[in-house]
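Undergrad: model the structure of this input:
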Amino acid sequence: MSDEEHWKTLEAMGEKSYDLLYDARTPSECRMHYSDIKDFFSDAIGEARRAGREDEAKRLEERVAHIKAVFRSQFNA
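TA: Reported below is the predicted structural model:
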């Protein structure tokens, strides 16, 4: 798997966790998915940086910042 394929896979896993967040039935489940999102995106950002793709790292940082803002406004009670 190439570096790009790897960070895109991590990004996809983060997006899947974001989708699952909306199906969570308990606060604990929400926190679990949110933690997964942050971990997957953090790893993807690191992979993009190691590959010298600062543009992709920035795009991923912006995406996870948006997800965090949504979580804080909609899920964090």
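
Undergrad: packing partners for the helix or strand containing Phe40?
TA: Assessed by DSSP states H and E, Phe40 sits inside helix 27-50. Packing partners of helix 27-50 (3 or more Cβ pairs under 8 Å, 6 or more residues apart in numbering; DSSP states H and E): helix 3-21, helix 54-74. Yep, even glycine has a C-beta here, placed from its N, CA and C like the rest.

Undergrad: now do it against helix 54-74, angle only.
TA: If you take axes from the mean of the first three to the mean of the last three Cα atoms, to 10 degrees, helix 27-50 sits at 170 degrees to helix 54-74.

Undergrad: what lies in contact with helix 27-50?
TA: 3, 6-8, 10-11, 13-14, 17-18, 20-21, 24, 54, 56-57, 60-61, 63-64, 67-68, 71, 75, 77 (Cβ atoms under 8 Å, 6 or more residues apart in numbering).

Undergrad: before we move on, back to that, now the helices and strands packed on helix 27-50 in TSV, with distance to Phe40, mean pLDDT and mean neighbour count?
TA: Listed next are the helices and strands packed on helix 27-50 as TSV, based on distance: least, Cβ to Cβ, whole Å; pLDDT from 0 to 100; neighbours: other Cβ atoms under 10 Å:
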stretch	distance to Phe40	mean pLDDT	mean neighbour count
helix 3-21	3	94	17
helix 54-74	9	96	14
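
Undergrad: can you redo the ones you listed as JSON lines with distance to Ser35?
TA: Converted to JSON lines, the helices and strands packed on helix 27-50 look like this (distance: least, Cβ to Cβ, whole Å):
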{"stretch": "helix 3-21", "distance to Ser35": "9"}
{"stretch": "helix 54-74", "distance to Ser35": "11"}
